[in-house]
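Novice: with the sequence up front, the predicted model follows.
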Amino acid sequence: KSSTKKAASKKAADGEIADKKAAPKKENSKKRSVKNGLDKGASTSDKKAVTSRKIIRVVPNFGGRRCSAEGPSSVKSWGMWDCDPEADGDHAPSQRHGYGRSFPWHFDVAEKAYVVEGSATLTADDPSLHGEPVTIKALDMVTFPKGWCGRWEVHSFLRKRYAFFDHQGIRIDEEEDDDAEVMGTKKGAKRVKR
């Protein structure tokens, strides 16, 4: 009988130890939630503010070594955009070309892009909403969220394949006038069909 009591006592002690080990995990989980603003006491608007941040997401070296220089086959049908930082910066960027080293940009629709060559740093107008500056470079797969506003700083000639997506992640076709070039200065830009 005493050996049965000892075994029961040992199991109870093991259970207490297991409970003690589990308790810190719950505390750590709570600390993580509080850090992210998602604790039970956070208001709905606080939770929305944390989860509604629209930041640029980058997957470096997308496709790895097996990927061709032009990118994975899934992006070959996407449009091509380029920017020469040495080009005349008096032209506003268009759907196919950027001009100059630095220019403002607003993504009015979600875009995914594969950087074929070059590099640039994108700095949000509002870091609390759109995150810290992000540098993109060749072989990166980049997701630009709808509503992101900020400034491009192009470091070297940049080429990227791009496509637009709706809120469900379904690809959207480009408008018929995508080959229209933006002519004029940044202040007085207008679309002209070539």
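Specialist: Looks like it arrived, so ask away.

Novice: now the lengthiest strand in the chain: buried residues?
Specialist: Counting by DSSP state E, the longest strand found in the chain is strand 149-165. Using 16 or more other CB atoms under 10 Å as the test for burial, strand 149-165 gives Gly150, Trp152, Glu153, Val154, Leu158, Arg159, Lys160, Arg161, Tyr162, Ala163, Phe164, Phe165. (C-beta placed from N, C-alpha, C; glycine too.)

Novice: what are the pairing partners of that strand, and which direction each?
Specialist: Using DSSP bridges, strand 149-165 pairs in its sheet with strand 79-84 (antiparallel), strand 102-106 (antiparallel), strand 110-124 (antiparallel), strand 171-172 (antiparallel).

Novice: mean confidence for the longest one?
Specialist: Confidence for strand 110-124, expressed as mean pLDDT, is 96.

Novice: repeat for the last one
Specialist: Average pLDDT, strand 171-172: 92.

Novice: and for it, what are the contacting residues?
Specialist: Strand 171-172 has contacts (CB atoms under 8 Å, 6 or more residues apart in numbering) with Val109, Ala163, Phe164, Phe165, Asp166.

Novice: which stretches of this protein form helices?
Specialist: 2-35, 44-51, 127-130 (DSSP state H).

Novice: re earlier: farthest pair in the buried residues of strand 149-165?
Specialist: Glu153 and Phe165 (25.0 Å; CB to CB).

Novice: any idea how far Leu122 is from Lys160?
Specialist: Remark: distance between Lys160 and Leu122 (CB to CB, to the nearest Å) = 12 Å.

Novice: nope, Pro104 is what I was after
Specialist: Distance from Pro104 to Leu122, by CB to CB: 11 Å.

Novice: okay, the two: which has more neighbours?
Specialist: Leu122 (21 against 12; other CB atoms under 10 Å).

Novice: nearest residue to Asn61 in space, please, no chain neighbours.
Specialist: Leu139 (5.0 Å; CB to CB, 6 or more residues apart in numbering).

Novice: my bad, should have said Met80
Specialist: Counting by CB to CB, 6+ apart, the residue nearest Met80 is Arg161, at 5.8 Å.

Novice: who's that neighbour bridged to?
Specialist: Beta bridges link Arg161 to Met80, Tyr114, judged by DSSP bridges.

Novice: mind pulling the model confidence for it?
Specialist: pLDDT, Arg161: 95.

Novice: based on its surroundings, how many neighbours for the residue nearest to Asp140 when sequence neighbours are not counted?
Specialist: Spatial nearest neighbour of Asp140, chain neighbours left out: Val115 (4.7 Å); criterion: CB to CB, 6+ apart. Look at Val115: counted by other CB under 10 Å, it has 23 neighbours.
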